[in-house]
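Peer 1: just a sequence and a predicted model for now, questions to come.
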Amino acid sequence: MKKSVVFVPTLKEAEKIFENVSFITNDHSLYLAELKNIDVIITGIGKSNAAFSSCISLVNSSYYTVYLLGICGAYRNSGLKPGDIVSITKDYFADEGLMNSDDEYKLLSEMGFTINDGRNYSEFNCAEGLKKVTGNTVSFLSGTDKTAGLYQSKTKASVENMEGASLGMVCERLNISARQVRAVSNFCGDRKKQEWDIKKAFNVLRKFAEDYIL
C-alpha cells in the first residue's frame, strides 16, 4: 500500500504534533515513526539536513505525497501572527547570495548563478484550506530587524524557515507531490521582540494533521 510521508524538522515538533507516537532510528540515523497511513521522519534542522534526509528517504520509495510540517517566523508586515497556519507554495533560498560594500544584497540568481533549475526558489502544492504564502529558507536567521528587512524586501516573503526550499527542490527533482505547512510561532527580527507562542503553533499543526493527514 502506498503511503504519505510527513517530514518534521525536530523531534520536539513531531512529538507535539503526533502525540503518543514512538520514534525509532533507521539505518541512516533518522528518527522514524511508522503509522497506519503515513510515515513521520525527522529531517534535522537546516538546509543540509533537510536535503539529505528527504533525498535518502524518497529516492527509492513508493511514497505518493510529501508533507513538511513545522513552525516558522513571520515578518512583521506580513499580516500574520503567532498561531496562524499557512501553506508555503514558493520558498526562496533567501540567504544564498552576496552582500557588497554598498550594503546591496543580491541573490545568486541575480549574479548569474542558480540553485534550482534556473530559479532561486522551490515550489510546493497548496495544502487544502490554508492561506497560500511565500517563504524564505535561511541558515542565517533574522535575529535583527535589519536582517529581517533585508530578506523580506528581496523576496516579498511572509514567513521564514530553515528547511523548506531544500526539501522542496528534492521533491521537484524526484517528481513527488509536496506540501509545506507551517504554523507561526514568533515574529522575525529583534530577538527581544519576537513574541513567541510555540504552544499555539503546535496546537494548530496538530489540528491540521488530525483533519487532513491522519
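Peer 2: Looks like it came in fine.

Peer 1: what about the closest residue to residue 8 other than its chain neighbours, neighbour count?
Peer 2: Excluding its sequence neighbours, the residue lying closest to residue 8 (CB to CB, 6 or more residues apart in numbering) is residue 14, at 4.1 Å. Any C-beta I mention is one placed from the backbone N, CA and C, and that applies to glycine too. The tally of other residues near residue 14 (other CB atoms under 10 Å) stands at 24.

Peer 1: pLDDT score assigned to the residue nearest to residue 55 when sequence neighbours are not counted?
Peer 2: Computed as CB to CB, 6+ apart, the closest residue to residue 55 that is not its neighbour in sequence is residue 170, at 4.9 Å. For residue 170, the pLDDT comes out at 98.

Peer 1: just checking, next helix/strand downstream of the host helix or strand of residue 170?
Peer 2: Element membership for residue 170, per DSSP states H and E: helix 164-174. Next in sequence after helix 164-174, counting helices and strands by DSSP H and E, comes strand 177-187.

Peer 1: how about that next one: buried residues?
Peer 2: Within strand 177-187, the residues that count as buried by 16 or more other CB atoms under 10 Å are 178, 179, 180, 181, 182, 183, 184, 185, 186, 187.

Peer 1: cool, stretch 61-72 as well?
Peer 2: Buried, per 16+ other CB under 10 Å, within stretch 61-72: 63, 65, 66, 67, 68, 69, 70, 71, 72.

Peer 1: wait, isn't the last one in contact with residue 135?
Peer 2: Yes. When contacts are counted by CB atoms under 8 Å, residue 72 is listed as touching residue 135 (7.1 Å).

Peer 1: so what's residue 77 up against?
Peer 2: Applying CB atoms under 8 Å, 6 or more residues apart in numbering to residue 77 gives the contacts residue 152.

Peer 1: ok, now the one 10 residues further on?
Peer 2: Counting by CB under 8 Å, 6+ apart, residue 87 touches 124, 126, 127, 130, 131, 132, 133, 179, 180, 181.

Peer 1: could you report the distance from the closest residue to residue 94 other than its chain neighbours to residue 65?
Peer 2: Closest residue to residue 94 apart from its sequence neighbours, by CB to CB, 6+ apart: residue 136 at 3.6 Å. Distance from residue 136 to residue 65, counting by CB to CB, to the nearest Å: 24 Å.

Peer 1: ok, residue 82 next?
Peer 2: Residue 82 sits 28 Å away from residue 65, taking CB to CB as the criterion.

Peer 1: same question for residue 199.
Peer 2: Taking CB to CB, one finds residue 199 at 28 Å from residue 65.

Peer 1: pLDDT score for the residue nearest the centre of the chain?
Peer 2: For the chain, the residue lying nearest the average C-alpha position, counting by CA atoms, centre = their mean, turns out to be residue 164 (3.3 Å). Note for residue 164: predicted pLDDT of 98.
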